[in-house]
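Participant: After the sequence you'll find the predicted model.
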Amino acid sequence: MEQKSIISSSPNNYKKAEKKLYVSMILGIGFTFIIAVVGFILAGLPGLNHIGPLACAILLAVVYRQVFGYPERLRTGIQFSSKKLLRLAIILYGLKLNMVVIFHQGLPLLLRGTGTIIFSIVVMMILAKWLKADLNLSLLLGVGTGICGAAAIGAVSPIIKAKEDDTAMGVGIIALVGTVFSIIYTVLIPLISMSPIDYGNWVGISLHEIGHVALAAAPAGQDALAHALLAKLTRVFLLIPVCFILLLWMKKKGKIEREAKFEFPWFLIGFILMSFVGSYIIGQEILQSKKVMSDIAAVTSFLLTMSMTGLGLNISLKELRTKAIRPFIATIITSFLLSFLTYMLV
């Protein structure tokens, strides 16, 4: 009788869990929506209008995390906004790219992206040994700095058998350092003599997350943003060979028994497909319509602003201070050197 009651109650338990998941999803998305709206309002105030709604939203999220902690009940919806909506926004930005420009600049950007990855990992590991920092966490941060932030860390973690704490800490450090550098970039826009295209290329080959690239490039205009995303997504694409190289390295060292899996960045394919659609199918005369482009820009900007909330909520200043100060310092130095050298080369 007892066994039957358990079986009969399991569907109810499943429905309750499913309902709880839906509620978390809706409320979490609503939370990022509200932060995005407040971010846009703050961005209209004097002094904050320069850094824009993206930075305002992520700073609000950082403050919320430090004061109230991470809203665990809303995690499902927040992660949906920070991951799915971000990728949807990136796909939509593909409409702004002219494929002729892609084919013309693709190889140079690929070479620059390769240089960025090699430089970031090598310098990060040298600094880690010098500072006596944890090597596994430092490797994660080197990959995250060189490729695509949290996504790269998440892809590499199972391959190098990183601890869950190291993975979470790596994501938090990348989110914090990338945010700070993104805001610094926006402040530097009127102070440096760079064209929007050159600035976009600099942002795309030097900053960490795709969201950070969007955050830094958006205030410089649509041309800067489009080229920044192109340069950044070239680095994202390089995540695939980097993962395979690390997999072979771990196998050679006898530290891995079975193949680790990593998530293919399918949104990269969507970005490229939308670029083809915008360049050859829809037609430039339609995309050049001010109303059409204004509507697309408004939607993508708001989606990006919602996704910034998730990045900000990953940052725990308390954990950073107590557990990972040395890798944090190494990441700052590596990021500074990368920004300076790429600025000189663009």
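Facilitator: Sure thing, it's come through.
Participant: Can you report how many residues neighbour Tyr185?
Facilitator: If you count neighbours by other Cβ atoms under 10 Å, Tyr185 ends up with 26. Just so you know, the C-beta spots here come from the backbone N, C-alpha and C atoms, and that holds for glycine as well.
Participant: pretty sure it is touching Ala216, no?
Facilitator: Yes: using Cβ atoms under 8 Å, Tyr185 makes contact with Ala216 at a distance of 3.9 Å.
Participant: shared neighbours of the two, which are they?
Facilitator: 203, 207 (Cβ atoms under 8 Å, 6 or more residues apart in numbering).
Participant: Can you measure across stretch 178-196, start residue to end residue?
Facilitator: For stretch 178-196, the first and last residues are 20 Å from each other (Cα to Cα, to the nearest Å).
Participant: At which residues are the helices of the stretch 151-300 of the chain located?
Facilitator: Counting by DSSP state H, counting those that start in this stretch, one finds helices in the stretch 151-300 of the chain at the ranges 164-188, 196-206, 210-217, 222-237, 239-252, 266-276, 284-287, 290-313.
Participant: just the ones you listed: most buried one?
Facilitator: Burial of the helices of the stretch 151-300 of the chain is given as mean neighbour count (mean count of other Cβ atoms under 10 Å); helix 210-217 ranks first at a mean of 30.
Participant: Show me how far that one is from its chain's centre.
Facilitator: 8 Å (Cα atoms, centre = their mean, to the nearest Å).
Participant: angle of it against helix 164-188?
Facilitator: 10 degrees (axes from the mean of the first three to the mean of the last three Cα atoms, to 10 degrees).
Participant: helices and strands around helix 210-217, which ones?
Facilitator: helix 52-68, helix 86-93, helix 164-188, helix 196-206, helix 222-237, helix 290-313 (3 or more Cβ pairs under 8 Å, 6 or more residues apart in numbering; DSSP states H and E).
Participant: and with 6 Å instead?
Facilitator: helix 164-188, helix 196-206, helix 222-237, helix 290-313 (3 or more Cβ pairs under 6 Å, 6 or more residues apart in numbering; DSSP states H and E).
Participant: thinking again about what came up before, now mean pLDDT and distance to Cys56 too, for the helices of the stretch 151-300 of the chain, in TSV please.
Facilitator: Formatted as TSV, those follow (pLDDT from 0 to 100; distance: least, Cβ to Cβ, whole Å):
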stretch	mean pLDDT	distance to Cys56
helix 164-188	83	10
helix 196-206	92	19
helix 210-217	84	10
helix 222-237	83	17
helix 239-252	81	29
helix 266-276	75	25
helix 284-287	51	29
helix 290-313	76	8
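Participant: got those helices as CSV, with distance to Leu86 columns?
Facilitator: Output for the helices of the stretch 151-300 of the chain, formatted as CSV (distance: least, Cβ to Cβ, whole Å):
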stretch, distance to Leu86
helix 164-188, 13
helix 196-206, 16
helix 210-217, 6
helix 222-237, 12
helix 239-252, 16
helix 266-276, 8
helix 284-287, 22
helix 290-313, 4
